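Undergrad: Have a look; sequence and predicted model below, questions after that.
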Amino acid sequence: MIRAIHHTAISTGDLERSLSFYRDLLGFREVDRFSWRRGSSVVDAITGLKDSAAKVALLRLENAFIELFEYESPQPKRGDPNRPVCDHGITHLCVEVTDIDAEYERLSEAGMLFHAEPVTGGHGVRATYGRDPDGNVIELLELSEGSILSI
């Protein structure tokens with residue numbers, strides 16, 4: 001039986017830069033950090049990679065975890081930092097906020113690039129998309145009280 005979504009994993013070329021973004025800027029709490037060296041048959045079996053090696057940080061924010069990977073082997077391909085959200089694959093990570101205008105200003109001042117200022121949609125939603133340092137899309141979502149999207 002599937003119970004819940006536990007975490008989202010993100011591959012990055014610079015673990016410390018990503019930690020600075022997710023931990024220091026977005027407020028995730030670092031709960032674990034580990035690595036593995038080449039030759040770990042267990043990890044290679046799980047990932048489907050050969051001779052993999054990586055550094056990993058696990059972060060938590062309330063009900064969700066993010067796992068950040070910086071692979072040393074095999075050599076990763078750089079992602080397109082401007083990949084359109086309509087392309088196949090995971091399109092974005094959404095974080096719920098209580099004051100979208102304040103978070104938009106704070107994150108903009110810290111250098112986060114956004115597609116647009118926060119906009120109001122249906123169902124009591126205000127939202128905008130921005131990018132992390134690797135170009136992954138982060139949605140800021142503010143829900144009005146009683147929104148049908150509330151957890």
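TA: Cool, got the structure.

Undergrad: which outside residues touch stretch 101-108?
TA: For stretch 101-108, contacts defined as CB atoms under 8 Å, 6 or more residues apart in numbering pick out 25, 97, 114, 117-118, 128, 130, 140. Where C-beta positions appear, they are placed from N, C-alpha and C, glycine not excepted.

Undergrad: would you put the C-alpha positions of the helix ranked longest in the chain in CSV?
TA: The single longest helix within the chain, with elements called by DSSP state H, is helix 100-109. The C-alpha trace of helix 100-109 is given here as CSV (Å, rounded to 0.1, in the frame of the first residue of the first chain):
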residue,chain,number,x,y,z
ILE,A,100,3.6,35.5,-0.9
ASP,A,101,4.3,39.2,-1.5
ALA,A,102,6.8,39.3,1.4
GLU,A,103,8.5,36.0,0.3
TYR,A,104,8.6,37.2,-3.3
GLU,A,105,10.4,40.4,-2.2
ARG,A,106,12.8,38.6,0.2
LEU,A,107,13.8,35.9,-2.3
SER,A,108,14.1,38.4,-5.2
GLU,A,109,16.4,40.6,-3.1
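
Undergrad: Which secondary structure element of this protein has the lowest mean pLDDT?
TA: helix 41-47 (a mean of 86; mean pLDDT, DSSP states H and E).

Undergrad: Each with direction, which strands does the next helix or strand after that helix pair with?
TA: Helices and strands here follow DSSP states H and E; after helix 41-47, the next one along the chain is strand 53-61. Strand 53-61 has its sheet partners listed here by DSSP bridges as strand 29-36 (antiparallel), strand 64-73 (antiparallel).
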